[in-house]
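Colleague: sequence and computational prediction follow.
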Amino acid sequence: MTGGWEWIPRSGAWRIAQRLGERRRAFGWTQAELAARAGVAQSTLVHWETGRWPNAIATATVNALEAALQLPQGWLLSDDVEPLLDPVFDAGSAVAREGGGNFQARIPPARCREIGPRARRLREELGLSVAEAARACGVPACKRLIPRRKRF
């Protein structure tokens, strides 16, 4: 994407709209939040997510959307169908938005059961120990969440 404007093919408008909405929802953001992060009007983003794209869009706007959504440059408008990694979920921001700190009340138990194995797989792929991963995330590492029984 070089130059000042990118052409939006009519045939690709729905695909682009779907990608944009799905990625925004993966972050748990409202349309207003994404619009603010990308520097576009919320009403414009609403139009885009419903497939009403202009014939051309400023390259800077596409770049801002891709940066906000942590997308590789050019992916939003491309025909590429490769799946993307899940975006990083900022739990602190989510809790602040919700106005509380009780994570157990906010994350459904079924979703919690998905997090552990996935985190372990990713940690192992990176070759990190539990302590190294915890340090990288800025959280304390605990070897065991359930206290051991005393042995007699």
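Modeller: Great, that's in hand.

Colleague: can you give the domain ranges for this structure?
Modeller: Per the record, the chain has its domains at 5-68, 91-137, by automatic domain parsing.

Colleague: least reliable of those by average pLDDT, please.
Modeller: Among the domains of the chain, domain 91-137 carries the lowest mean pLDDT, at a mean of 66.

Colleague: contacting residues for L69?
Modeller: Going by Cβ atoms under 8 Å, 6 or more residues apart in numbering, L69 touches 20, 23-24, 27, 34, 76, 87. For glycine as for every other residue, the C-beta is placed from the backbone atoms N, C-alpha and C.

Colleague: how about these in CSV, adding neighbour count and secondary structure?
Modeller: Formatted as CSV, the contacts of L69 follow (neighbours: other Cβ atoms under 10 Å; DSSP: H, G, I helix; E, B strand; the rest coil):
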residue, neighbour count, secondary structure
L20, 22, helix
R23, 21, helix
R24, 23, helix
F27, 20, helix
L34, 22, helix
L76, 21, coil
P87, 15, coil
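
Colleague: for the closest residue to Q73 other than its chain neighbours, give me its contacts.
Modeller: In this structure, Q73 finds its nearest non-sequential neighbour in E66, 5.9 Å apart by Cβ to Cβ, 6 or more residues apart in numbering. E66 sits next to 72-76 when contact means Cβ under 8 Å, 6+ apart.

Colleague: relative to A60, how far out is E66?
Modeller: 11 Å (Cβ to Cβ, to the nearest Å).

Colleague: G51 too?
Modeller: Distance from G51 to A60, by Cβ to Cβ: 22 Å.

Colleague: now the helices for this protein?
Modeller: 13-27, 31-38, 42-49, 59-68, 91-98, 103-106, 109-125, 130-137 (DSSP state H).

Colleague: so which of these gets nearest W7?
Modeller: Ranking the helices of the chain by their distance to W7 (criterion: Cβ to Cβ) puts helix 59-68 first, at 10.7 Å.

Colleague: between that closest one and helix 31-38, how big is the angle?
Modeller: Put simply, helix 59-68 runs at 110 degrees to helix 31-38, going by axes from the mean of the first three to the mean of the last three Cα atoms, to 10 degrees.
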